[in-house]
Every structure is written in structure tokens, then in C-alpha cells.
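**Student:** how would this look folded up:
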Amino acid sequence: MNPSLAMTDNPQALKQLAAASFANWRPPQPLTLSQWAERFAFLSTESAALDGKWHAYPYQPGIMDAFTDPANDTVVFQKSTRVGYTKIINHAIAYHIHYEPCPQMVVQPTVEDAEGYSKEEIAPMIRDTAQVGALVADSKTRDSNNTILRKVYPGGFLVMVGANSARGFRRLTVRNVYFDEVDAYPPSAGVEGDQIKLGTRRTDFFWNRLISIGGTPTIKNFSRVEEHFKLSDQRFFYVPCLRCKTFQVFRWKRFIIPEKDPRRAHFVCKHCKRPIDEKDKFKVIEGGKWRATAPFNGKAGFHIWAAYSFSPKMTWPAIAAEFLEAKDNPALLKVWVNTVLGETWEDRGDGVEVKSLQKNKEPAPRKMTTGALMITIGADVQKDRIEAEAVAWGRGFESWSLDYAIIPGDPHFSETWDQLELFVSRRYFRQDGLILRPHTTFIDSGYATGEVYRFTYPRQARRVFATKGQPTASNQLVAQSKKKYRRGLKLFTVATIAAKDKVYAYLQVKKPGPGYCHFPDHYADEYFDGLTAEQRFTKMVKGVPTYFYKKIRPRNEPLDCRVLALAACEFAAPNWQALADNLRRRAQATEARPAPDGEEKQPEPAPKPDAPPPARRRTKRRRKKGGFVNDW
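**Tutor:** Residues are numbered from 1 along each chain as shown. Next up, the predicted model:
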């Protein structure tokens, strides 16, 4: 203050003096989180592609300001990857260290995750954000109370815990708690129960508490983040069409991939039907706004997915290319739905109605379609018969059932296996005159194991193999057994749950093309009853959702045969383009071959059914002492 002003009678000077005095006592201008981050936040090299001053993407300020809105008790964030959620949490923590200090807690899925988060995100932030670093003592100094999982600052502290440790939630009272990647949490923190409830209890003494729940969703009806998002006001980011100005949400169903060329992927306005290209994405998102779709009850919920991301790895063409790669593989598609769409995965393989398959029946042609590129066989052995199915496969695992055989007889008698030999040796003619033989045959060895081994062992060079079902969930459909058998016998394990998931997913494809299943119209209803004889159920085992298939009808052999035929095709790992090119060259070579003696080439006669084996005495195979299986 200028002392001379205190002695003056100048009214203007007195006003200036009063204004200066009041300014010293005026509280600081309140800052929202987005305003604070724009002024102070800094990105570190260790945790950002581009370090330096923070600048928010158009959809981020609305999310950030929900963290500092006193009306919000809880903020829920259901997301895909690459949308900047971790950085928003970091800024919220820094805000409550520097601008509005209070005790805080971060809950990561495991203690190891908490340590990694501290080292890779919090430590660089403290180092590079000057206003925060000035308040948090260096953990290496002698008088510091700071550790990897605990940071102390004037007015509060930050603790980082793992959701797998009940001890981390004890003896703590905090105002803010951030639950990160909640769908990756174990079922319980030790024996003490749900981690979100345990952490929320730590905030009960604060009227202005903040609870943040976020992460990428996983499975429908078992996703914690989806459960809490549904309890919120469910906000989505609406963007305007550049032409008709209609506001709408980016939905995957409105994205078009012309001629399956991901480079041309674009969004179509629901109102004017005009396309919005990737080059216009930033302009469109810049004019967007958050809108709630449910009543507000103190819980602000946000959903955002990769279509809004400005990551160079998440362009619309990149998203489309990833979808085309994953769409025919349920395991890959599940990951895509979770991490790109930010939505829960709902299994389509819960069950298939028999009536829905009637439309898949069609007149059986005398010869196979030229779309058939490979044939596999799956066989199931029962105590009084062997059932087997020959399936032709085309691009994208489109399939044609060629024949389904029920071979009566005890599998311990050679005559039964002679009939199966005829089935697996049969030739099939395509419409272009080419002959295809079964490429791979899988035979289940669950019953009459020794007889299955005796049949497959001398035929392994023809790719006839014994299999064993693996009931546990696995993404690897077929694997060779690690057990070593004498004489070089090969046994393959089939992940039956994953295989049935695929079969049922393909059975629900509505139009001919990738995944669609064709059946001849002479198949009896019993075949379709057996093909759909199981349903997928979910049960909780020690708090973890576990899947299993259960029979709803007694006969399920057609399903087992189709599972083995699909597994055989997966095992063959077909290159559809290479197969198509090879068959086309064979067909061209056949057409170009001249007829002998200058005669006109006669059409190839229709294939005759294979003759039955010569009648012989019914004999039962003799077993070696100690059993065939033990001998191997």
C-alpha cells in the first residue's frame, strides 16, 4: 500500500485503497477441475505420448467438472480404452492436493496394480506439476512420511490400495475415493466383502464426499461399472450433423464400411442420412455436448467409446479394420466390444431355437457349391453306434452339412469301424467337377478309448485324429495333448465350451455368408433337436461367473459332431484365399485338358455311392493284457 494514499482526502484514492484492501481479503476465485487442469496440469513423458501442457479434448471438460460439482455424490465412467480416463483421475487427485486439499484413496484391482499406478502415473505427476510437487515431500528425504503407496501433503494424504487386500481399507477416513477398473476386481477383498461398499464406508463422515467408479465393462449382468452406470443419470455425448445440425450419439450400428473396405468407414446421420467422414470428426465432436438420459439422483454417469477418441490408433478406419478381423471370432469380438465400444459382452450362444433353423434348410444339390473350400468330419462314439457328420467350409466359416451318418454297432467290433472307414474315405464332387476329400477328421475318445486309438493311429497320415473334450473355458480351441504316448499316437484336446460358443453363434447368423450354416432339406427334426440340445448357463463359483452347458434334451450327438468338425477346421487353420486360388487353378487345368483321340470331352458321370464292405464274420477285437490304453 502506498502510505501517501492513507493521508489524502481524494475520494478516488480512497476508493482505490478500499478496493486494494478488500482484494487482500477476498477468497480465491473458485476453479472447476477443467479450469484448474488447463492452468496447471502437465503431462509427463512416462505416461503420455506427448509430454507438456495439458489441453483437454472437447468431451473431457464435462466429465472433469462433474468431479468438482457439489451436487454430485458419485461419478461413474463406463468407457472404452484410449479416451483419457486415467489422466482425468490424475488431475482430480492433483486438484485435491493443490487447490482443495483433503484425504483421498485410489483402489486398483491388485496391490501390484496400485504400486504400478503410483510409480507410472502419480510419481511423474508430482515431479512435473510444480504446484503439486511443492506440497508433496520427496520420499527419499529423511523426514518424509511418503512411501510408494502413501503420499502426505498439507491438509490431507493419498493412499493407494489393492482391491484384493482387505487390510488396505482399514483404519482410513477419506473424503474422496477413486475406484479404477472395477470389473477387474476380485470377487471380494479377502473375506470382508465388496470393495466398493468397503471403500464407500470410509467416506461416511464427509458431507461433501466424492466417489468415482470407472473402468472398461466386461460381461453383461456381471459388470460392476455397468451396474453403477445404470443407477446414474446416464449421460452420452451428443454431436451435431454438419449439414442438418441434428444432435445424436455415435452408435456403431450407424457406421458403414463400404465393400468391407475399412479405409472408407464413415458415420451416417440418422436424420438426413448424409455421411460424416473421419476428417470431419474433430469438428463434429468440438460442437458436442453431454446430455443425461435418466433422472438425476446425485450420481453423474458418463459413457464414452473409441469413436470419440483422438488417438492415432483409434481412427474410424482402424476401428472398422479391427471389427472386420474380429467379427467371425467370438473371443476376439468380445474383446472388441469391451475395449472399443465400451459395452458389455452378451453371449449369443445361450441357446438356439429349433424353429429358427428351419429357414437354413435348402434342397440338397447333387454336387457341392464352389464356395466349399475344405471338408472336415467330426465323429462321436457311443456304446451302440458311431455318429459322424461331414461339413464343407467356406470363407468366414460359412458351412454346408454334406452328410450325417448313424452307424449302428458296438464300437468294440471291427465291422462298426469298417463303416466309419468308408465314411471318412468318401469323395465329394463340386459343381466345377473338382473332387474334394475330407481334410481332417476328429473322433472323440471319451468312450471306447482304446478302439478309437486303434482306428486313428494308422490313419494319422490322413489327418484322422483322436480327441478329448476339455470342459474348462479356454480361448485356444484345439491343442495337442502334452502327455506322451508310445508309438507316436497323437491326441488333441478340444475346448468344448469355446467350441459350442462358436457353433451356437454361427447357428444364429441370419443371412448366407460368413458363419452361416446350410443344411439339406431331407434332414429329420431329430437332427436339429440334437444340434440345439444344450443351453449355456452361468453360475457363480467362489464369487466368479463360470459358464457351463447343460442338456435340455437327451440326445446331443449332432452338436458334438458339429463341435468336432469345427474344431478340425480350426486346427487346419485354413487360408481361404489360398484354398480358393488353388482350387480355381485345378478347375482351369481340368477344363484345358484335351479329350483323347480328338474326341469331345464327355461330362464326368455322377459319383456312385461307395459299395459296402464284403460280408465277413463278426469278430470282436482282442485286447492286450493290461489294456490298450495302458500299453500306449
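**Student:** mind giving me the domain ranges of the protein?
**Tutor:** Domain assignment of the chain by automatic domain parsing yields the ranges 33-238+293-313, 355-591.
**Student:** Which among these is found nearest to residue 333?
**Tutor:** Closest of the domains of the chain to residue 333 is domain 355-591, at 8.6 Å (criterion: Cβ to Cβ). (C-beta placed from N, C-alpha, C; glycine too.)
**Student:** first vs last residue of that closest one, how far apart are they?
**Tutor:** 43 Å (Cα to Cα, to the nearest Å).
**Student:** Would you agree residue 64 is in contact with residue 35?
**Tutor:** No - look at residue 64 against residue 35 with Cβ atoms under 8 Å: they stay out of range, at 9.1 Å.
**Student:** So residue 36 versus residue 257, what's the distance?
**Tutor:** As judged by Cβ to Cβ, to the nearest Å, residue 36 and residue 257 stand 41 Å apart.
**Student:** okay, residue 192: pLDDT?
**Tutor:** With respect to pLDDT, residue 192 scores 73.
**Student:** circling back: comparing residue 64 and residue 35, which residue is more hemmed in?
**Tutor:** residue 64 (25 against 17; other Cβ atoms under 10 Å).
**Student:** Need the three-state assignment for the more buried one.
**Tutor:** helix (DSSP: H, G, I helix; E, B strand; the rest coil).
**Student:** which ones are touching it?
**Tutor:** 32-34, 37, 56, 88, 91-92 (Cβ atoms under 8 Å, 6 or more residues apart in numbering).
**Student:** if we go to 7 Å?
**Tutor:** For residue 64, the contacting residues are 33-34, 37, 88, 91, by Cβ atoms under 7 Å, 6 or more residues apart in numbering.
**Student:** Among those residues, pick out the one closest to residue 271, please.
**Tutor:** Closest to residue 271, out of all of the contacts of residue 64 and judged by Cβ to Cβ, is residue 34, at 30.4 Å.
**Student:** Would you mind measuring from the closest one to residue 528?
**Tutor:** Counting by Cβ to Cβ - residue 34 and residue 528 are separated by 58 Å.
**Student:** ok so residue 97 is a strand residue?
**Tutor:** No - assigned with three-state DSSP, residue 97 falls outside any strand and is helix.
**Student:** Please report the distance of it from residue 103.
**Tutor:** 11 Å.
**Student:** higher neighbour count, those two?
**Tutor:** residue 97 (26 against 21).
**Student:** shaky segments in this protein?
**Tutor:** 1-9, 14, 17-28, 138-144, 190-191, 347-351, 472-475, 538-545, 592-632 (pLDDT under 70).
**Student:** Could I get the phi/psi values of residue 256?
**Tutor:** Phi and psi for residue 256, reported as degrees, to the nearest 10, are phi -120, psi 140.
**Student:** where does residue 115 land in three-state SS?
**Tutor:** helix.
**Student:** Kindly report the same for residue 213.
**Tutor:** Classified using three-state DSSP, residue 213 is strand.
**Student:** is it true that it touches residue 225?
**Tutor:** Yes - the criterion here is Cβ atoms under 7 Å, and residue 213 meets it with residue 225 at 6.5 Å.
**Student:** Now list whatever residues contact both of these two.
**Tutor:** Joint contacts of residue 213 and residue 225 (Cβ under 7 Å, 6+ apart) are 76, 182.
**Student:** Please name the residues that touch residue 565.
**Tutor:** Here residue 565 is in contact with 376-378, 389, 391 (Cβ under 7 Å, 6+ apart).
**Student:** just residue 379 next, same as before
**Tutor:** Applying Cβ under 7 Å, 6+ apart, the residues near residue 379 are 386-388, 420, 441, 443-444, 561, 564.
**Student:** how near is residue 42 to residue 175?
**Tutor:** 24 Å.
**Student:** can you check residue 384 too?
**Tutor:** Taking Cβ to Cβ, one finds residue 384 at 71 Å from residue 175.
**Student:** give the contact list for residue 194.
**Tutor:** residue 188.
**Student:** hmm, back to that, looking at residue 36 and residue 257, which is more packed in?
**Tutor:** Between residue 36 and residue 257, counted using other Cβ under 10 Å, the more crowded position is residue 36 (22 against 18).
**Student:** I'd guessed that one sits against residue 99; true?
**Tutor:** Yes - shown here, residue 36 and residue 99 form a contact pair, counting by Cβ under 7 Å, at 5.6 Å.
**Student:** what are the ranges of the helices in the stretch 151-300 of the chain?
**Tutor:** Secondary structure of the stretch 151-300 of the chain (DSSP state H, counting those that start in this stretch): helices located at 195-201, 224-230, 281-286.
**Student:** Buried deepest among those helices, which one?
**Tutor:** Counting by mean count of other Cβ atoms under 10 Å, helix 224-230 has the highest mean neighbour count of those, with a mean of 21.
**Student:** That helix packs against which elements?
**Tutor:** strand 74-79, strand 210-215 (3 or more Cβ pairs under 7 Å, 6 or more residues apart in numbering; DSSP states H and E).
**Student:** Quick one: closest of these to residue 548.
**Tutor:** Going by Cβ to Cβ, the one of the helices and strands packed on helix 224-230 nearest residue 548 is strand 210-215, 26.6 Å.
**Student:** helices and strands around the closest one, which ones?
**Tutor:** On a contact count with 3+ Cβ pairs under 7 Å, 6+ apart, strand 210-215 meets strand 74-79, strand 176-180, helix 224-230.
**Student:** Next, the angle from it to strand 176-180.
**Tutor:** 0 degrees (axes from the mean of the first three to the mean of the last three Cα atoms, to 10 degrees).
**Student:** Each with direction, which strands does strand 210-215 pair with?
**Tutor:** strand 74-79 (parallel), strand 176-180 (parallel) (DSSP bridges).
**Student:** of these, which approaches residue 289 most closely?
**Tutor:** Nearest of the strands paired with strand 210-215 (Cβ to Cβ): strand 74-79, 17.3 Å.
**Student:** neighbouring contacts of the closest one?
**Tutor:** For strand 74-79, using Cβ under 7 Å, 6+ apart, the contacting residues are 63, 66-67, 85, 211-214, 216-217, 225-226, 228-229, 232, 298-304, 342.
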